[in-house]
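1. predicted model, plus sequence, below.
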Amino acid sequence: MSTGVPDFPEPVQAPPPLPEGLRRMGVALRGARAADLPFLRTLYGGFRAEELTLAPWTPEQKARFLDDQFRLQHADWVHRYADADFLIVEQARPPAATAAIGRLYLRRRAPLWRIVDIGFVPAKRGAGLGGALIQWVCASAHQAGAAGVGLAVLATNPRAEALYRRLGFEDSGAGDNVRRDMTWRPAKVS
C-alpha cells in the first residue's frame, strides 16, 4: 500500500456495550490500529469493485487508483473526524479466533451522532449485521440524550438507502447528486 497513511486518532471513550443479540452472533468491536490498514484497504477495494469493472484500466492501474483513493479518504476522515470512533467489526470463528469483517466509523457528538461509515466484507453483506449495528447506534444515541443519528448514503446505493429507510432514517434535505444526507430521530412519546 502507499505510504503516508496517517494513524488513527486515540479513542475518545469506549463505545457503549453491544446488545445481547449481537454478542450471541459473535460480533465485537475494537478500536482500529495501524495494523488494520491492509484489511481496511482491501475492504475499501471491495466497496468500489463493481464500479471499477467498467474502468478500462489494467489490474495494476486499478490497484494504484484504489490505494490512492483509500489513502485520501482515510487521511480526510481521520482529520475531519478526529473525535470519532474508528472501530473494526469482528466476528468470532470457532474454536476461539476472531476475524475482522467490517468497519464502523462513528462520531458520538451532540446534538446528532454521525455514522461516518459502515461496511462489511462481501460474505457478511446482507446478513443483518449492518442493520443490527445501526439499531444499536440509534438506541445508544437516544440513551445518551442525542437528538438523533445522521449519515450520508451514496445516490448509487439504493440497497443501503432502503435499509436506512426501513430503520427509520429520513432525508434531511441536505446532500447533492452524489450523496444524500439522512437522519434518524427517536420517536416522540406523547
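-> It's in.

2. find the centremost residue of this protein, please.
-> Central residue of the chain (CA atoms, centre = their mean): residue 118, 1.7 Å from the mean position.

3. distance of that one relative to residue 93?
-> 21 Å (CB to CB, to the nearest Å). Heads up, the C-betas are built off the backbone N, CA and C, glycines and all.

4. follow-up on the earlier one: secondary structure element holding the residue nearest to the centre of the chain?
-> strand 112-120 (DSSP states H and E).

5. what are the pairing partners of that strand, and which direction each?
-> strand 97-107 (antiparallel), strand 148-154 (parallel) (DSSP bridges).

6. report how many residues lie close to the residue lying closest to the residue nearest to the centre of the chain once chain neighbours are set aside.
-> If the residues on either side of it in the chain are set aside, residue 118 comes closest to residue 104, at 5.0 Å by CB to CB, 6 or more residues apart in numbering. For residue 104, the count of nearby residues is 25 (other CB atoms under 10 Å).

7. how about the contacts made by residue 104?
-> Residue 104 makes contact with 29, 85, 87, 89, 115, 117-118, 133, 137 under the criterion CB atoms under 8 Å, 6 or more residues apart in numbering.

8. how about residue 32?
-> Neighbour list for residue 32: 8, 40, 86-88, 103 [criterion: CB under 8 Å, 6+ apart].

9. by contact count, what packs against the helix-or-strand element of the chain with minimal mean pLDDT?
-> For the chain, counting by mean pLDDT, DSSP states H and E, strand 170-175 ranks last in confidence among helices and strands (a mean of 82). If you count contacts as 3 or more CB pairs under 8 Å, 6 or more residues apart in numbering; DSSP states H and E, strand 170-175 packs onto strand 179-184.

10. for the record, mean pLDDT for the strand it packs on?
-> The pLDDT scores in strand 179-184 average 93.

11. list the buried residues for that strand?
-> With burial defined by 16 or more other CB atoms under 10 Å, the residues of strand 179-184 counted as buried are 180-184.

12. just to revisit the earlier point, give me every residue that touches the residue nearest to the centre of the chain.
-> Applying CB under 8 Å, 6+ apart, the residues near residue 118 are 102-105, 130, 133-134.

13. buried stuff in the helix or strand hosting residue 77?
-> Taking DSSP H and E as the definition, residue 77 sits inside helix 59-80. Across helix 59-80, burial judged by 16+ other CB under 10 Å covers 62, 66-67, 70-71, 74, 77-78.

14. against residue 55, how distant is the closest residue to residue 161 other than its chain neighbours?
-> With CB to CB, 6+ apart as the criterion, residue 161 has its nearest non-adjacent residue at 4.8 Å, and that residue is residue 153. Noted for residue 153: a distance of 23 Å to residue 55, by CB to CB.

15. who's more crowded, these two?
-> residue 153 (22 against 11).

16. what residues are up against the more buried one?
-> Taking CB under 8 Å, 6+ apart, one finds 160-161, 164, 179-180, 182 in contact with residue 153.
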